[in-house]
Structures are given as C-alpha cells and as structure tokens.
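>>> Pasting the sequence and the predicted model now:
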Amino acid sequence: MEARFFSCIFQRGCVIAQILVFLFLTAGARYETTNFTVDNAPTPKLAQEFCETAEQCRSELALLWLGEVLPDWASKCTITVHVGNHLGAGGATSFVFDNGEVYGWEMEIQGSAQRILDSVLPHEITHTILATHFRKPLPRWLDEGAATSVEHNIEKENYRRMLLNFLSEEVRKGLPFKQMVALKEYPADPMPFYAQGFSVVEYLLLLGHKMDSFEHRRLLAFAKTGMDSNNWQDALQKHYNIDSLGTLQLNWVQWVNTGFTIEKNLPFVAETNEKESKNLPENNLSVNQSIMLVSAKPASIQQKYGKSIYEKTVEKTVENAVEKTVEKTVMNAVQPVPAKIKKVCNGSSQ
C-alpha cells in the first residue's frame, strides 16, 4: 500500500513537473535593461537581443534626433513580442500624455527576428523619443514619417514603390498637403498616408542636409515651430526657406517624378498661384487633458498577427503596378509641374 501510494505521488509529481516545464518554455523568455522589459520572447537569447537593441536604439536615435541622450524613464517600457517569419513586420506603442508628463509605455511588436531588430524596434523607439521630447502628440504624418525614416532600406524602398502606385493617375490617393498636416488621427485608408508622410519627411531631411549637417534636429525645430504656432507655412519659411505648403507640395512631386533625387531638385522653386491660409484650424487639445496615444507601424493596424496590409500592398504593387507606374511616372515627369500636381495631389483623397 505504501509502495503504491509513493508511486502514485511520484507519477503525479512527474506529470506536474512536465506541466511546469511546458508552461515555463511556452511562457517566453524574459530580459530587462534600464528602460525596457521583454518577457515573452521565444528564447532567452532573443529576449536579450530585443531588449538590448531597444536600449541601444533609444540612445543612438536620441543622439540622432535630439543631439543628446535621454534621461532614464521612471518606469520601464514593457515589450510584448510575436516572432515568426510568416508575420507581417509591425508594431504599436502606447503611452499617456498628462499635464506635460508622458508615461505608461507599452510596446507590442511582431515579425521576423531580423525585421524586428532592423525596422520595427527603431520605428517604435523613435515614437517614444519624440513623445519624451515634445511631451505632446505630434502631427501624425510627421510622427510616422520620422519613425519610418529610420527603418531598414528594404522597408523604405517598399514605401517608395507603394507611393508611386498611390500617386498614379489610376489610383490617385495622394493627400493635398493642407489636409495632410491637419490630420490628427489615421485616415480610413492608412497606407497612402504612411507612404506619403515618410516621403515628405525624407524630402525635408535631404533638403535640410544640404543646408547643414543637423537635418534631423532641423526637422524637429520645424515641427516645434509648426506645433507651437499652428502655422506650418511660417515654419517652412523659417526652417527651409519655402514660402508655402503649396510650394512644398509642388517641389516634392517634382522630386518624386525625377526618381527621388534631391540634387536635381534643390535649385527648383515651383511657381504656384495657390493662396494658402495663414491659420490652420485651432488645436483643441488642452494641456491638462490626459490622452492615450498609440503610435503604430502599419502591420498592427490590420488584423493582429496576420499578414499586414503593408505586405499585401507591397506584393500587389510589385506584381501588378510597379513597372507600369514607374514608366508612366517617368514619362509624365516631363510635363509642366503645375499640371502634374493638379493630377496627382489635388485629386480625390479617398
């Protein structure tokens, strides 16, 4: 009897031990650094790599954008990761603005390990750096454009290809710049907005680089002026010597049409008869209001952890539209720029 009793306990103990081992292995590996916690990575090595890369990005990207390293956060940012080669690369970061403070960092990222390391983490960390610096929401186009600008070149090239498709006469999903700068939330169709926001930021960074070697800080100074005054035309004039959003729009389209080559376009100053309003709608945001902000890389906008609209759009563009669109864009580039901008950016934004 005693022997059977002992055997029963031993067998149950083995089963319980196996269950605990299984739960431990499936719960995910955990790793912490000064400002981040990863607690569900597939392996301890990946947990460490993701966490240390996040910390490295936080330091290096703060130096890039701000010229200085950020002080440590009061609480760590929790990173939830979903790793798989079948997952679209993307992520979302949430945080709270409240009375000039920003806190409550939570990040969820997905994709292959390589894409998480070289694109998703830099993208999401940039959102946290800009939020920590400004302590209030940035315009969506600028926030997402800046975050996308630090991704891997493969990702950025995908956006450029998508942009050519979105701006083609068949698709016509370019946003007029006055509408783009006024958006405070993501539009219903986010991908044209992402592609255009990234491209405009890339253009401003290249333009700023021709002026000095601090193009990232110039862009943030432009952002601060525009946000403080709610007058983006004055901000353009002050930081880029561009007289209006209309002129920026014309110059940008000319740059896109000539193959994203800044050297060919810098001397170009487009003529426009468009009269810009000096005051955009007031920002109704109260400084005492608590706001939950989620900044995302496109995969997370779609159904969670499935194939992203980002990747589906890239595939469709590559398979069906890229060569035709590039050929048509190059042919149309010889047309007068005002006529081209009317077709591309003043059309339907649906």
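Cool, got the structure. Numbers count the residues shown, from 1 in each chain.

>>> how many neighbours does Asn87 have?
No Asn there; residue 87 is Leu. 21 (other C-beta atoms under 10 Å). The way it works is simple: take the backbone N, C-alpha and C, and place the C-beta from them, glycine included.

>>> Downstream of the longest strand along the chain, the next helix or strand is which one?
In the chain, taking DSSP state E as the definition, the longest strand is strand 101-111. Following strand 101-111 in sequence order, the next helix or strand is helix 113-115 (DSSP states H and E).

>>> contacting residues around that next one?
If you take C-beta atoms under 8 Å, 6 or more residues apart in numbering as the criterion, helix 113-115 is touched by Leu46, Glu49, Val83, Ala89, His152, Glu155.

>>> Just list the residues touching the nearest residue to the fourth one once chain neighbours are set aside, thanks.
Closest residue in space to Ala89, ignoring its immediate chain neighbours: Gly111 at 3.4 Å, by C-beta to C-beta, 6 or more residues apart in numbering. Under the criterion of C-beta under 8 Å, 6+ apart, the contact partners of Gly111 comprise His82, Val83, Gly84, Leu87, Gly88, Ala89, Gly90, Gly91, Ser119, Val120, Ala299.

>>> Ile242 too?
Per C-beta under 8 Å, 6+ apart, neighbours of Ile242: Leu236, Leu248, Asn251.

>>> at 6 Å what do you get?
Leu236, Leu248 (C-beta atoms under 6 Å, 6 or more residues apart in numbering).

>>> Same question for stretch 97-107: list its buried residues.
Phe97, Asp98, Val102, Gly104, Trp105, Met107 (16 or more other C-beta atoms under 10 Å).

>>> ok, what's across the strand from the residue nearest to Ala89?
Using DSSP bridges, the bridge partners assigned to Gly111 are Val83.

>>> State the distance from it to Asp143.
From Gly111 across to Asp143, the span is 20 Å (C-beta to C-beta, to the nearest Å).

>>> How about Asn231?
19 Å.

>>> Could you identify the most distant pair in the contacts of helix 113-115?
Maximum pairwise distance among those (C-beta to C-beta): 20.2 Å, between Leu46 and Glu155.

>>> low-scoring pLDDT stretches of this protein, where are they?
By pLDDT under 70, the low-scoring segments of the chain are 1-27, 262-296, 298-350.

>>> can you pull out the strands in it?
29-32, 36-41, 77-83, 90-98, 101-111, 291-298.

>>> At which residues are the helices of the stretch 101-250 of the chain located?
113-115, 121-134, 140-148, 153-166, 177-182, 190-211, 215-229, 232-240, 245-257 (DSSP state H, counting those that start in this stretch).

>>> Would you mind giving the ones you listed as TSV with mean neighbour count added?
Compiled in TSV, the helices of the stretch 101-250 of the chain are given as follows (neighbours: other C-beta atoms under 10 Å):
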stretch	mean neighbour count
helix 113-115	17
helix 121-134	24
helix 140-148	25
helix 153-166	20
helix 177-182	20
helix 190-211	21
helix 215-229	18
helix 232-240	20
helix 245-257	22
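
>>> Could you tell me which of the contacts of Gly111 count as buried?
Buried among the contacts of Gly111 by 16+ other C-beta under 10 Å: His82, Val83, Leu87, Gly88, Ala89, Gly90, Gly91, Ser119, Val120, Ala299.

>>> Perfect, that will be all.
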